[in-house]
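> Test case, fold it:
(one chain, ligands or ions: 2)
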Amino acid sequence: MSSKLRVAVLGAQGRIGSEAVRAVEAAEDMELVAALDRDDEPAALTAAKAEVTVDLTHPDAVMGNLGFLIRNGIHAVVGTTGWTGERLETVRGLLAESPGTGVLIAPNFSIGAVLTMEFARKAARWFESSEVVELHHPNKADAPSGTATRTAQLIAGARREAGRGPQPDATTTALDGARGADVDGVPVHSVRLRGLLAHQEVLFGDTGETLTIRHDSLHHSCFMPGILLGVRRVGSTPGLTFGLEHFMDLD
Ligand SMILES: NC(=O)C1=CN([C@@H]2O[C@H](COP(=O)(O)OP(=O)(O)OC[C@H]3O[C@@H](n4cnc5c(N)ncnc54)[C@H](OP(=O)(O)O)[C@@H]3O)[C@@H](O)[C@H]2O)C=CC1
Ligand SMILES: O=C(O)C1=N[C@H](C(=O)O)C[C@H](O)C1
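Ligands and ions are numbered 1, 2, ... in the order given. The predicted model follows:
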């Protein structure tokens, strides 16, 4: 009997899912027991006795997938985007019925992106204003990116804690969208351009200075160490964990 962790991938034919399949296959402590895509039956996961499933599908599919996984006590590592407070509450509700099951939802698995979010959170209270610009390939499912949304939420939280009020902005906009999307008071701008993969700039400004934190994902391989870390840790971390930073020692 193998002692390797039995891992499945959902969205296995996708841009990041196909990379995750290769990463799991290459990991000495894991066995890829299922690689499923859109038309496959989720029941294959139970038949394959998957212990951990990695979901890299689509915001429209992920809630149904998680419902199945949690009901069947299969731990989940989720990179799929589209997370709202309401969706997270639904996941917590499902987990309450399956208390031994662990779910990690990570807006971004790349180490540099996790650090970008952490640095942005730390910088936020020192600057009057901040804006987030995310830049992705044009086939991306959603906008703004999950990473940009999370970054803006972390900045907003840090501003609230520091007692900072709304960011100054006296602009009158002639066209809807000119100032981007408002995420908790932080403007978020989405660029979609052939040739890009996944990039983000967080801009801070105050009197006489600006600070820009930039991260570039240049290949899908950058997400793999984070995904594998999540797969290794999620089974011993029951309940919902939101953000890979909780599985990393950032201090
Ligand atoms: N957290 C992170 O670090 C990262 C997250 N992502 C996120 O991962 C998701 C996937 O991105 P990406 O790989 O670029 O997208 P792709 O469209 O390339 O891949 C998604 C794959 O999932 C398949 N799929 C759709 N619905 C289902 C379903 N119900 N069950 C199984 N498979 C399904 C798609 O099939 P079909 O083509 O037929 O629709 C496709 O093969 C997005 O939400 C993206 O934002 C991406 C990179 C990093
Ligand atoms: O769709 C992508 O490509 C990515 N999606 C995630 C997001 O929305 O933040 C992570 C990364 O930006 C790549």
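> Just the helices from the stretch 151-251 of the chain, written as ranges.
Ranges of helices in the stretch 151-251 of the chain, per DSSP state H, counting those that start in this stretch, are 224-234.
> Closest approach to ligand 1 from it, which residue is it?
residue 223 (4.5 Å; CB to the nearest ligand atom). All C-beta spots, glycine's among them, are computed from the backbone N, C-alpha and C.
> Same check on the chain?
residue 14 (2.0 Å).
> Give me the pLDDT value at the closest residue to that residue other than its chain neighbours.
Of all residues not flanking residue 14 in the chain, residue 56 sits nearest, at 5.9 Å (CB to CB, 6 or more residues apart in numbering). You'll see residue 56 listed with a pLDDT of 98.
> neighbouring contacts of stretch 17-31?
Residues outside stretch 17-31 that contact it (CB atoms under 8 Å, 6 or more residues apart in numbering) are 2, 4-7, 9-12, 32, 35, 37, 54, 56-57, 220-221, 223-224, 227-228, 231-232.
> which of those residues count as buried?
Restricting the contacts of stretch 17-31 to buried positions leaves 5-7, 9-12, 32, 35, 54, 56-57, 220, 223-224, 227-228, 231-232, with burial counted as 16 or more other CB atoms under 10 Å.
> Would you check that the residue nearest to residue 14 makes contact with residue 8?
No: using CB atoms under 8 Å, residue 56 and residue 8 do not qualify as a contacting pair, with a distance of 11.3 Å.
> what residues are up against the residue nearest the centre of the chain?
In the chain, the centroid-proximal residue (CA atoms, centre = their mean) is residue 107; its distance is 1.2 Å. Counting by CB under 8 Å, 6+ apart, residue 107 touches 81, 83, 117, 145, 146, 147, 149, 150, 243.
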